[in-house]
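Participant: Fold the following for me, if possible:
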Amino acid sequence: MGDVPVANPSDRMIPNHRGRVLNLLTLGAALISLAIILLTAMRDHVGFDVYWHLKMGQDWLSRGLSPWIDHYSFTYLGAVIKNPPVMFQALLYGAVQAFGEDWGFRVVRLFAYLLVLLLSGVLLRQVRASAWVYVIVLSALVFVLQMRPPVRPELFSYGLSLLALLLYQKAGSSFNWRGVLSMIALIWFWCWYHSPVIGYVIFAGYFLDCAIAQFRLRAGRQVWLSWLAAGAAMLGVSFLVPGFHSPLHWIISSSADWRPLIKEYAPLDPDVLSLAEMYGLLFVGIGPCVLAVLNRKAGFVLICVVLTYAGFNMQRMVTPAGVVNILIAGLLLGSIFSPYRLPQTSRQRAKFVAVLLTVPVFLLASFNRAQYSVSINWGAPTRYPVALVDYLTQIGFRGKVLNDYGIGGFLIHRMAPDMKVFIDGRTAILYPVEHLREHQDLMVSSEKLREALDKYEMDGIIHRFPDASEIIQQSGGFSLEFVDLRHGFWTRGSGNLHAHGALVVRPACWTPDLIDQLQRERAAFLPRLPPLSPLVPFSNLVSGFADSADGKQYFDEQINQEVWSDEMRRFAAFRLMELGRDDLAVMLFGSVEDMTSRDVLAAAVAGAGQENYQLVSDILDDLALMDWPTQDTSSQLIEFRLHEWLADHLGSDASHEARVRQLGASLDEKGLGSAEIELGAQAFCPHI
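Facilitator: Residues are numbered from 1 along each chain as shown. Model prediction:
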């Protein structure tokens, strides 16, 4: 690596008054950084993976179940799990046993953060870094650590990365087996713990430095053979794990396949970053590369370039890459920040100020991230279906469920072995990419969903409510049983909330005949739902309307008393259409937040009821331009009749002709070109 510049004590000392001011600023920045990192460590857990890690550690240590075999899914039951992070899982379970679930997660995160800070201090002490460098490094570390705070194995990989950097620094730029054997041992341990890709990148920098030094010294054949043998040994130890499944093989061969399917594999999205966060990441990515080039540290240049590219190209690499880049910058800043003297020349002072200005940027970015952590904590109670799982436990549910991907780990933790899941966060180590694709396809095609439910003989569905309600109802055979704060449970046959579930999906299909069934469900089962279940206010609105003498007056009173969900807005809008208040129906359909093509069509039908030709024409124009999923047959027929209605009153519109021909051809192909339909609320109640 070459010698990193070390400050010279013989340089002119800083005047006392300036030193006191700088020390106070240094102390203040350090305290702010530590407070933010403590807040980050205390945030609630909201990741996809923490619970299946916890369950695997628990079952391994308390029940002796092999963590290298799947025990929790019905799709890959008994299949081999490649490279599970068993040490982390055991540590996590131990922390939860000692401190409880919530605090156990927080203690693990805090311990990992403190380990990073400790090893950072050890590294900076090697170059006698000044307090200012410590502050720059600390503020930058706090920022990047907040970019990926979930309790996952990589929390401790950050510390292993710094340990690898420490071994690199101690080895220097000349090849020696003693240093290399320490690196190989670390890599082997890392392969058992988790993915060692960052370690390989760091040690690639060391091997590059050695190669350059060997070229300059015209090293002999024996030296080069030793260099090659050491590199081969370092790669080879990655296979010395159970099953000989090298973690490098998966990283190289398949990580790109997951990119369109899982957000953390996608490139970093600048639109979700504040300005300070964006500049902070640019400093962390580009700054160390520039410093390494200016100091002619080829190994550091290689590390920084590779990790910066990885960080911007894959979200999950932002923090692992940032931690290493920041410490490389800290090691190199010794040439700028001496603990004994102030900059002497204008150029030195410019560098001094420029680098110090990164501190407020990092602190502001950290503050923005801390605010985000607080918002995450506010939403954490709805993240997992706690009440739903309590209900399933109470009724003694046993069986196979099609589950939402994000809660698979939680269901494993709370319901295994009684419940088997379709999928969870163990992607790549258990489930192939094709399985995740299949899972995603099921929730966009009722035919595929019906086939999968029958193929696997599933007993229930746990998914987002109301997002998944329509596709589940279209698949047939399952109806609503329970609704948590964010998730619903659908069971085979007739569920306890069958009528409510059907009305949520098709609010146009209201008839007085439903009242008795809805009231029976309300009396017998609605009290068992959590108070914040979205089905509770919907049911209250429906029941109140059924009991009211004046529906419009009732809706006017209710909308001023509480915030309406989209389902409540749709129900009220269709009833107002039936009451002849199409003007109010148009407003309600237009206020739906998660709007579908059916909402747009309903607004157009309400506009037709007002004989508002311009509104209907404008809505149809907008509908043709929107990128909606494929419309069902009923929606196509409604849109076709709206075009006909408009043509009857205003004459043919050339701008609509292409769309009319397309709809007509599709309906004729299905034998529905001449089908009659009345443009009103009941048009949206399926009858085709």
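Participant: contacting residues around stretch 385-403?
Facilitator: Contacts with stretch 385-403, where a contact means CB atoms under 8 Å, 6 or more residues apart in numbering, come from 74, 407, 410-411, 414-415, 418-424, 442, 449, 452-453, 456-463, 482-489, 528-530, 533. Where you see a C-beta, it was placed from the backbone N, CA and C, and this is true even at glycine.
Participant: Counting only strands, which of these make the cut?
Facilitator: Using DSSP state E, the members of the contacts of stretch 385-403 that fall within strands are Met419, Lys420, Val421, Gly460, Ile461, Ile462, His463, Phe482, Val483, His487, Gly488, Phe489.
Participant: which residue packs closest to the last one, ignoring adjacent ones?
Facilitator: In other words, Phe489. Leaving aside its sequence neighbours, Phe489 sits nearest to Phe482 (CB to CB, 6 or more residues apart in numbering; 4.3 Å).
Participant: Number of residues surrounding that neighbour?
Facilitator: Phe482: 28 surrounding residues under other CB atoms under 10 Å.
Participant: what's it in contact with, if anything?
Facilitator: Contacts of Phe482 (CB under 8 Å, 6+ apart): Leu388, Tyr391, Leu392, Gly488, Phe489, Gly495, Asn496, Leu497, Arg528, Leu529.
Participant: and what of Gly477?
Facilitator: When the contact criterion is CB under 8 Å, 6+ apart, the partners of Gly477 are Arg450, Leu453, Arg492, Gly493.
Participant: Show the buried residues in the residues you listed.
Facilitator: Neighbour counting over those (16 or more other CB atoms under 10 Å) leaves Arg450, Leu453, Arg492 as the buried ones.
Participant: show me the contacts for the residue lying closest to Ala171 once chain neighbours are set aside.
Facilitator: Of all residues not flanking Ala171 in the chain, Gly179 sits nearest, at 3.4 Å (CB to CB, 6+ apart). By CB under 8 Å, 6+ apart, the residues touching Gly179 are Leu167, Lys170, Ala171, Gly172.
Participant: of those, the lowest pLDDT goes to which?
Facilitator: Ranked by pLDDT, those bottom out at Gly172 (87).
Participant: and that residue, how many neighbours?
Facilitator: By other CB under 10 Å, neighbour count at Gly172 equals 16.
Participant: still on that earlier bit, of the contacts of Gly477, closest to Ala665?
Facilitator: Set against Ala665, the nearest of the contacts of Gly477 by CB to CB is Arg450 (27.5 Å).
Participant: ok, the closest one - contacts?
Facilitator: Arg450 makes contacts with Ser475, Gly476, Gly477, as judged by CB under 8 Å, 6+ apart.
Participant: got these as TSV, with pLDDT and secondary structure columns?
Facilitator: Below are the contacts of Arg450 laid out as TSV (pLDDT from 0 to 100; DSSP: H, G, I helix; E, B strand; the rest coil):
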residue	pLDDT	secondary structure
Ser475	92	helix
Gly476	89	coil
Gly477	91	coil
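Participant: which residues are contacting stretch 427-435?
Facilitator: Contacts of stretch 427-435 with the rest of the structure, by CB under 8 Å, 6+ apart, involve 70, 73, 75-76, 79, 81-84, 250, 254, 257-258, 261-262, 423, 436.
Participant: With stretch 82-94 instead?
Facilitator: Contacts of stretch 82-94 (CB under 8 Å, 6+ apart): 50, 53-54, 56-58, 60-61, 67-68, 104-105, 108, 151-153, 156, 191-195, 241-243, 245, 247, 250, 428-430.
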